[in-house]
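> what follows is a predicted protein model with its sequence.
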Amino acid sequence: MPTTPHRPRLAVAAAAAAVLSCLATPTTATAASGVAPASDCALPGRTGWTDEGHDTDRTLFQPSTGTRRVLTLFVDFPDAPDTDSTQPYAAHLAPAADWLGTASHGRVRLDVSVLPRWIRMPAASDSYGFARGLTFEAHEKYVRDAIAAADPYADFSRYDMVYVVPTKAATAISFSPTYIHDPATPGVTADGTRLKWAVTFGQDMWHWGFKVAAHETGHTFGLPDLYAFTGAPHRYVGGWDVMGDIAGHAPQFLGWHSWKLGWTRDRQVACLAGPGRRTVTLTPVERPGGTKIAVVRTGETAAYVAESRQGQGVLVYKVDSAVRTGEGPVRVMNDHAAYAPGETFADPEAGVRIDVLSGNAVRIVRAR
């Protein structure tokens, strides 16, 4: 979860703030009126922050393709000195880089370097205010202190982002928020470089495992939280996306997120933007190549998406790019279960029907 700025984020365009290969499988159109290029099913962001829109603000969020250079720092505190080697900490998070490479089908690569020593922070661990509701200012101070303390030992001009990992003894550093810079402020600098993105890990990394790094790094790419900030936390998407339940039964990135991040190409998206019907053969999102998602656009900021999950059936979910992070911008249908062959999803009010013909084929229909 990115820490939020101290002023409304709807003014982003002016002064934004923040912490926080393959050819498509041919599709068959049985009624051409609604068949459209993939871009016609891309939704505009409407929240001014992390959301499901395709117009991600790259003055705020880092590129989600190519090689991203990461430096991992290990920090301890006057009240919580280190008690062991940094090696187990590095080993715990190391699988995240390969996992993201696989999830992106090689479209993003985390080049992670490790500074293999403990860096002493200048203040006590309980002075940084780590709790839900952590302010942007307090979080930025933590990042600034860590970078300043590590500056004698590292050249920060070589890196795009920083991971800050605290000793287990620092129980006050309880959770793992993401820092995203505020372009309207001086920010954090070192070695002539502005450090715009950081993940500051907490004690919860030992609960969630290495995928917490994938989740938090996803925020630096512009992805919202899919778990609920209030009430039952995983009522929207369950464990189908790592931006929801990190430790869920099948956390991948949803096909929609893969498209938003540029990992799935437009030619791998089957779009129905108006009345009509279309039969689509899908390749499971876990595998490279093929058509990844079938999208039925239902409004300016809303669409239904169908994707195949390997060995599990077809997942159907609603996307609304006007819904804020933590409030359900994605909602999985069918009580979070994939649809089996012969089953149908229908939204009569929107005039949408999705017939599951097999584990990897659907017929999408928009009546109006």
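Received it, and whenever you're ready, just let me know what you need.
> what's the mean pLDDT across stretch 85-101?
The pLDDT scores in stretch 85-101 average 97.
> now do it: everything it contacts.
Contacts to stretch 85-101, defined as Cβ atoms under 8 Å, 6 or more residues apart in numbering, come from residues 72, 74, 108-112, 114, 116-118, 163, 165, 201, 205-206, 209-211, 213-214, 217. Just so you know, the C-beta spots here come from the backbone N, C-alpha and C atoms, and that holds for glycine as well.
> repeat that for 6 Å
Residues outside stretch 85-101 that contact it (Cβ atoms under 6 Å, 6 or more residues apart in numbering) are Phe74, Arg109, Leu110, Val112, Val114, Pro116, Val165, Phe210, Ala213, Ala214.
> CA atoms only for that stretch - export them in PDB, please.
What follows is stretch 85-101, C-alpha atoms only, in PDB (Å, rounded to 0.1, in the frame of the first residue of the first chain):
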ATOM      1  CA  SER A  85      23.500 -11.800   9.100                       C
ATOM      2  CA  THR A  86      21.900 -10.000   6.200                       C
ATOM      3  CA  GLN A  87      22.000 -13.100   4.100                       C
ATOM      4  CA  PRO A  88      18.700 -14.700   5.300                       C
ATOM      5  CA  TYR A  89      16.900 -11.400   4.600                       C
ATOM      6  CA  ALA A  90      18.300 -11.200   1.100                       C
ATOM      7  CA  ALA A  91      17.500 -14.900   0.400                       C
ATOM      8  CA  HIS A  92      13.900 -14.400   1.700                       C
ATOM      9  CA  LEU A  93      13.200 -11.700  -0.900                       C
ATOM     10  CA  ALA A  94      15.400 -13.000  -3.800                       C
ATOM     11  CA  PRO A  95      12.700 -15.100  -5.600                       C
ATOM     12  CA  ALA A  96      10.600 -12.000  -6.300                       C
ATOM     13  CA  ALA A  97      12.800 -11.000  -9.200                       C
ATOM     14  CA  ASP A  98      12.400 -14.300 -11.000                       C
ATOM     15  CA  TRP A  99       8.700 -14.400 -10.100                       C
ATOM     16  CA  LEU A 100       8.100 -10.900 -11.700                       C
ATOM     17  CA  GLY A 101      10.100 -11.900 -14.700                       C
END
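> for that stretch, what is the distance to the chain centroid?
18 Å (Cα atoms, centre = their mean, to the nearest Å).
> got the buried residues for that stretch?
Thr86, Tyr89, Ala90, His92, Leu93, Ala96, Ala97, Trp99, Leu100 (16 or more other Cβ atoms under 10 Å).
> can you tell me the SS state at the third one?
So the one you mean is Ala90. Of the three states, Ala90 takes helix under DSSP: H, G, I helix; E, B strand; the rest coil.
> repeat that for the last one.
At Leu100, secondary structure determined by three-state DSSP is helix.
> ok, now how distant is it from Ala270?
Distance, Leu100 to Ala270, by Cβ to Cβ, to the nearest Å: 26 Å.
> hang on, the earlier thing: in ChimeraX, how would I select the buried members of the contacts of stretch 85-101?
If you want just the buried ones from the contacts of stretch 85-101 in ChimeraX, going by 16+ other Cβ under 10 Å, the selection is:
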select :74,109,110,112,114,165,210,213,214
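> just the ones of the contacts of stretch 85-101 in helices?
Ala213, Ala214 (DSSP state H).
> between the contacts of stretch 85-101, which sits nearest Thr178?
Checking the contacts of stretch 85-101 against Thr178 with Cβ to Cβ, the nearest one is Ala213 at 10.4 Å.
> now the closest one. Nearest residue, chain neighbours left out?
In space, and not counting its chain neighbours, Ala213 is closest to Ala96: 3.6 Å by Cβ to Cβ, 6 or more residues apart in numbering.
> how far away is that neighbour from Asp191?
Ala96 is 25 Å from Asp191, by Cβ to Cβ.
> and what of Val242?
Distance, Val242 to Asp191, by Cβ to Cβ: 32 Å.
> name the element the residue sitting nearest the centre point of the chain belongs to?
Central residue of the chain (Cα atoms, centre = their mean): Gly218, 3.2 Å from the mean position. Using DSSP states H and E, Gly218 sits within helix 211-220.
> which strands and helices sit next to that helix?
Using 3 or more Cβ pairs under 6 Å, 6 or more residues apart in numbering; DSSP states H and E as the contact definition, the elements that helix 211-220 packs against are helix 95-103.
> relative to helix 211-220, how tilted is the helix it packs on?
Interaxial angle of helix 95-103 relative to helix 211-220 (axes from the mean of the first three to the mean of the last three Cα atoms, to 10 degrees): 60 degrees.
> from the chain's centroid, how far away is helix 95-103?
For helix 95-103, the separation from the chain centroid amounts to 13 Å (computed by Cα atoms, centre = their mean).
> same check on stretch 49-64?
10 Å.
> for that stretch, give me every contacting residue.
9, 12, 16, 18, 42-45, 108, 183, 197, 220-224, 260-262, 319, 321, 325, 329.
> how about stretch 232-252?
Identification of contacts with stretch 232-252 by Cβ under 6 Å, 6+ apart yields 208, 211-212, 214-215, 218, 223, 226-228, 254, 285, 328, 330-332, 336.
> I appreciate the help and will end here.
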